[in-house]
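>>> sequence-free structure coming up:
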């Protein structure tokens, strides 16, 4: 039995397709066209009440019973628990994964998301103010990530990527849209290129999400 991934071609959707590929889990994609407001369909709202993608349905959940999970961070944590992969067993080693996953969910996602929003607004003072505010914060967050990756192969772990890498990569994937030059962030660029070269990660970005 395979997991059903309800999603669209967004950074948050790509986090999950990458994780599913890296974990070797069978899944099918159920596109939710957010440009047509399909996220408000009753069928989807029944298990994703915040009308946001992605969400998953796993017919083989805990104790072999079906389960649904919404919110991309919660989905990543669930999949890590389900497979025992990309999450350290030791609590002390898990803490950085929690920290950097929350860093992405709370900042490195909402802030560049606002950059996307204001770039699409009509030219004028409101657009200029909003873009500068959120672009400055987005660049600051990229700088935080660059410093974190100095001398490190992965964001939160030492020997292999974690779900935090998958979460952050989903948004770094849109760096050009964020108007951020990775050439000015050598550690981020090295990490980004290495992650994108992983065969499973590559498949996760190539699969059609709608």
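Arrived safely. Because the structure is a prediction, the values reported are computed rather than measured.

>>> quickly note the distance from residue 73 to residue 193.
Distance of residue 73 to residue 193, computed by C-beta to C-beta, to the nearest Å: 25 Å. C-beta coordinates here come from the backbone N, C-alpha and C atoms, glycine included.

>>> which of the two has more residues huddled nearby?
A direct count of neighbours by other C-beta atoms under 10 Å for residue 73 and residue 193 places residue 73 higher, at 19 against 10.

>>> list the contacts for that one?
Counting by C-beta atoms under 8 Å, 6 or more residues apart in numbering, residue 73 touches 101, 102, 104, 105, 167.

>>> let's see 6 Å
Contacts for residue 73 (C-beta atoms under 6 Å, 6 or more residues apart in numbering) come out as 101, 105.

>>> so which bits of the host helix or strand of it are buried?
Taking DSSP states H and E as the definition, one finds residue 73 inside helix 72-83. The neighbour-count check on helix 72-83 (16 or more other C-beta atoms under 10 Å) flags 72, 73, 75, 76, 77, 78, 79, 80, 82 as buried.

>>> what's around the closest residue to residue 108 other than its chain neighbours, how many residues?
Of all residues not flanking residue 108 in the chain, residue 141 sits nearest, at 4.9 Å (C-beta to C-beta, 6 or more residues apart in numbering). Other residues within reach of residue 141, judged by other C-beta under 10 Å, total 22.

>>> do residue 159 as well
7.

>>> try residue 152
Neighbour tally, residue 152, other C-beta under 10 Å: 13.

>>> got any ranges where this structure has weak pLDDT?
In the predicted model of the chain, no residue satisfies pLDDT under 70.

>>> which residue ranges make up the domains of it?
3-86, 91-198 (automatic domain parsing).

>>> helices and strands around the longest helix seen in the chain, which ones?
Looking across the chain with DSSP state H, the single longest helix is helix 125-148. Packed against helix 125-148 by the contact rule (3 or more C-beta pairs under 6 Å, 6 or more residues apart in numbering; DSSP states H and E) you find helix 110-119, helix 186-196.

>>> hang on, residue 83 packs against residue 23?
Yes: between residue 83 and residue 23 there is a contact under C-beta atoms under 6 Å: 4.7 Å.

>>> and the helix holding residue 73, how far out from the chain's middle?
Centroid separation between helix 72-83 and its chain, computed with C-alpha atoms, centre = their mean, to the nearest Å, is 12 Å.

>>> which SSE is immediately downstream of it?
With DSSP H and E, the next secondary element past helix 72-83 is helix 91-106.

>>> run through who's touching that next one.
Residues from elsewhere that reach helix 91-106 (C-beta under 6 Å, 6+ apart): 73, 88, 155, 156, 162, 164, 167, 168.

>>> ok, and the most crowded of the residues you listed?
Going by other C-beta under 10 Å, residue 167 tops those with 32 neighbours.
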